[in-house]
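Peer 1: Coordinates for the following, if possible.
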Amino acid sequence: MLRVLSIMGSPRKGGNTSTVLKEFEKLIEGKVILEHINVVDMALNGCIGCDYCQKYYESPSCIQKDDMPIIIEKIIKSDIIIYAAPVYVWDFPAQMKEVMDRHYCLVKCKAKEEISLIQGKKVILLTTCGGDAENNADLLIKIFEREMNYLQCEVLVKFVVPNCTLPRNLGKEKEEVAFKMLRSIDELIISN
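Peer 2: Residues are numbered from 1 along each chain as shown. Next up, the predicted model:
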């Protein structure tokens, strides 16, 4: 059975992004092995750039003693990773930024070659923003694409839910995005 990991990177547990993600998780429940991480519930530190992780080629090997190894282990074991976070000042919120920065330990630089421990992983981006997507979510999307390229992952699809106000106002839009997310992985679910 397909293993799907959703990583919620919003500081607001019941916010717009969480509302859309929960709708999607309801649709795939029972069809996949689903794990959900809410990064605000975890003790995480930012990357300190020490390069300790580059000493060990077969494992992430981060020197920091926090909850990031739990997330990394789940990422490695998953078939699909959903990164879900709202746009905060054209980028990821600080909580998700810590996770994104700590991906550094998953790429090993050996003899001028970059080797990813999660090469070929399939990933999805879900983001929400208070305004239009253009000139708002575009930088977050570019950052995500570059990071996933660095990690040698396959981006299946990117979803932006623009003009979000309150979660209760999302209405049919959350259902439409959830169904589009499901369709983006339907073939993978069927083949597993």
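Peer 1: And the helices in this structure?
Peer 2: For the chain, the helices defined by DSSP state H occupy 16-28, 68-77, 94-102, 138-150, 172-191.
Peer 1: Spatially central, which residue of this structure would that be?
Peer 2: Centroid-nearest residue in the chain: Tyr83, 1.8 Å away (criterion: CA atoms, centre = their mean).
Peer 1: Please name the bridge partners of that one.
Peer 2: Note on Tyr83: beta-bridge partners Ile7, Leu125, judged by DSSP bridges.
Peer 1: Distance-wise, check it relative to Lys65.
Peer 2: To Lys65, Tyr83 is 24 Å away according to CB to CB, to the nearest Å. Backbone N, C-alpha and C define where each C-beta goes, glycine included.
Peer 1: In JSON lines, list the helices of the chain along with mean neighbour count, distance to Cys129 and mean pLDDT.
Peer 2: Shown next, in JSON lines, are the helices of the chain (neighbours: other CB atoms under 10 Å; distance: least, CB to CB, whole Å; pLDDT from 0 to 100):
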{"stretch": "helix 16-28", "mean neighbour count": "21", "distance to Cys129": "9", "mean pLDDT": "96"}
{"stretch": "helix 68-77", "mean neighbour count": "17", "distance to Cys129": "24", "mean pLDDT": "97"}
{"stretch": "helix 94-102", "mean neighbour count": "20", "distance to Cys129": "14", "mean pLDDT": "96"}
{"stretch": "helix 138-150", "mean neighbour count": "16", "distance to Cys129": "8", "mean pLDDT": "97"}
{"stretch": "helix 172-191", "mean neighbour count": "15", "distance to Cys129": "13", "mean pLDDT": "90"}
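Peer 1: mind putting the ones you listed in TSV, distance to Ser6 included?
Peer 2: Output for the helices of the chain, formatted as TSV (distance: least, CB to CB, whole Å):
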stretch	distance to Ser6
helix 16-28	6
helix 68-77	10
helix 94-102	12
helix 138-150	15
helix 172-191	10
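Peer 1: for the ones you listed, which one sits closest to Cys164?
Peer 2: Nearest to Cys164 among the helices of the chain is helix 16-28; the distance by CB to CB comes to 4.0 Å.
Peer 1: Tell me which residue of the chain is furthest from the middle?
Peer 2: Most distant residue from the mean C-alpha position of the chain: Ala111, 29.1 Å away (CA atoms, centre = their mean).
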